[in-house]
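K.L.:
requesting a structural model of the entry that follows:
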Amino acid sequence: MISVDTKKKGRPTDNPKSYRESFRLSETDMAKVKFCIKETGMSKTDIIRMGIDEVYQKIKK
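P.N.:
Model (predicted):
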């Protein structure tokens, strides 16, 4: 009998992303996101994470 490894394959990480979210944006909000992507060369996900961090830091103070 052949043993099959059922463990998920992929790049190992110290910070797994377990949550997946979906949300709707207005045309204006999406234009801002696209502008940030174009100007920084970052991914959409990274731009959103930066925004979350920025708001979190403001609230945390």
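
K.L.:
just give me the residue right at the centre of the chain.
P.N.:
Closest to where the C-alpha atoms of the chain average out (C-alpha atoms, centre = their mean) is T45, at 3.1 Å.

K.L.:
chain center to the strand or helix carrying I52: distance?
P.N.:
Using DSSP states H and E, I52 sits in helix 44-60. Relative to the centre of its chain, helix 44-60 is centred 10 Å away, using C-alpha atoms, centre = their mean, to the nearest Å.

K.L.:
list the contacts of it.
P.N.:
33, 36-37, 40, 42 (C-beta atoms under 8 Å, 6 or more residues apart in numbering). (C-beta placed from N, C-alpha, C; glycine too.)

K.L.:
what mean pLDDT does stretch 28-48 get?
P.N.:
Predicted confidence along stretch 28-48 averages 97 (mean pLDDT).

K.L.:
count the residues that sit near M42.
P.N.:
Using other C-beta atoms under 10 Å, M42 is surrounded by 14 other residues.

K.L.:
quick one: residues contacting it.
P.N.:
Going by C-beta under 8 Å, 6+ apart, M42 touches 36, 50.

K.L.:
is it in a helix, a strand, or coil?
P.N.:
coil (DSSP: H, G, I helix; E, B strand; the rest coil).
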